[in-house]
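Enquirer: Predicted model, plus sequence, below.
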Amino acid sequence: MKITFLGHASLAIEVNGKHLIIDPYISANEKAKHIKIKHLKADYILLTHAHLDHILDAEHIAKNTNALLISNYEIVSHYEHLGIKGHPMNHGGSWQFDFGKLTMTSAIHSSSFKDGSYAGNPAGFILETNKGSIYIAGDTALTMDMKLIPLQCKLDLAILPIGDNFTMGIDSAIIASDFVNCNKILGYHYDTFGYIKINHEEAKSKFSKKDKDLILLKIGESISI
Ligand code: NI
Ligand code: MN
């Protein structure tokens, strides 16, 4: 499984020959100017919630690629009205896709479209594949629900927000990694705008003091698990 950081909370995942784009917010991200949306491959687009910093480029990418959009019922319905096909899910539900098994998890956050209309509840995803399993937390606070995840699967990587203010910060993310029983963490949702700037070295050393590995990728950089 290859995971590429596209900036902010945007990821590209390649597994079992399929391409997944998560929460695409690229065209308005000054730090991601070198990422060209038209070059992104997508069989699936996963959206955790409807805030603009997670869905901005979803319509454009879906129409470029004919990708299937996976999100909660409300967000999928919104995109179906725009002519984009989707697969609706809700918290606690799993579905076996051709790339692996996807489970929608709860997240403590909010979720509405730009015009204020209802977008269901915010979520995260667990992706279990024959090439490894990952947790994509989405925008969330530290929550006791995370303790349920290791009862269901063994993670190889936890992708956690670390920017604070709108989501967990570093100290909470360290506890979250204990809750999900995974010591390999890819940080996201940091540095994009003023409220969520972090000190990279301090963040990494806080994790390493707990024998955990915090990975902070450059935008466009990838890791494999
Ligand atoms: Ni959000
Ligand atoms: Mn966000």
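Expert: Nice, thanks for sending it over. Ligands and ions are numbered 1, 2, ... in the order given.
Enquirer: When you work out contacts or count neighbours from here on, use the C-alpha atoms and nothing else.
Expert: Fine.
Enquirer: Output the below-cut-off pLDDT ranges for the protein.
Expert: Within the chain, no stretch falls below the threshold (pLDDT under 70).
Enquirer: Residue most distant from the centroid, it?
Expert: residue 209 (25.5 Å; C-alpha atoms, centre = their mean).
Enquirer: Show residues contacting stretch 75-91.
Expert: By C-alpha atoms under 8 Å, 6 or more residues apart in numbering, the residues outside stretch 75-91 that reach it are 49-50, 59, 62-63, 66-74, 103-106, 119-120, 123.
Enquirer: Between the two ends of that stretch, how far is it?
Expert: End-to-end distance for stretch 75-91, by C-alpha to C-alpha, to the nearest Å: 13 Å.
Enquirer: Just list the residues touching the residue nearest to residue 89 when sequence neighbours are not counted, thanks.
Expert: In space, and not counting its chain neighbours, residue 89 is closest to residue 72: 4.8 Å by C-alpha to C-alpha, 6 or more residues apart in numbering. Counting by C-alpha under 8 Å, 6+ apart, residue 72 touches 48-49, 88-90, 120-121.
Enquirer: Adding secondary structure, neighbour count and distance to residue 132, write the residues you listed out as a markdown table.
Expert: Formatted as a markdown table, the contacts of residue 72 follow (DSSP: H, G, I helix; E, B strand; the rest coil; neighbours: other C-alpha atoms under 10 Å; distance: C-alpha to C-alpha, whole Å):
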| residue | secondary structure | neighbour count | distance to residue 132 |
| --- | --- | --- | --- |
| 48 | coil | 28 | 21 |
| 49 | coil | 28 | 24 |
| 88 | strand | 14 | 24 |
| 89 | strand | 19 | 22 |
| 90 | coil | 18 | 23 |
| 120 | coil | 18 | 29 |
| 121 | coil | 21 | 27 |
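Enquirer: Would you mind measuring from the nearest residue to residue 215 once chain neighbours are set aside to residue 69?
Expert: Closest residue to residue 215 apart from its sequence neighbours, by C-alpha to C-alpha, 6+ apart: residue 186 at 4.7 Å. Relative to residue 69, residue 186 is positioned 24 Å away (C-alpha to C-alpha).
Enquirer: neighbour-wise, which of the two wins?
Expert: residue 69 (27 against 21; other C-alpha atoms under 10 Å).
Enquirer: A helix includes that one, no?
Expert: No: read with DSSP: H, G, I helix; E, B strand; the rest coil, residue 69 is strand and lies in no helix.
Enquirer: who's it bridged to?
Expert: Beta-bridge partners recorded for residue 69 (DSSP bridges): residue 45, residue 86.
Enquirer: That one reaches residue 42, doesn't it?
Expert: No: the pair residue 69 / residue 42 is not scored as a contact, 9.9 Å apart, by C-alpha atoms under 8 Å.
Enquirer: Identify the contacts common to the two.
Expert: residue 62.
Enquirer: Dump the contacts of residue 72 to CSV, plus distance to residue 31.
Expert: Listed next are the contacts of residue 72 as CSV, based on distance: C-alpha to C-alpha, whole Å:
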residue, distance to residue 31
48, 22
49, 22
88, 31
89, 32
90, 32
120, 29
121, 28
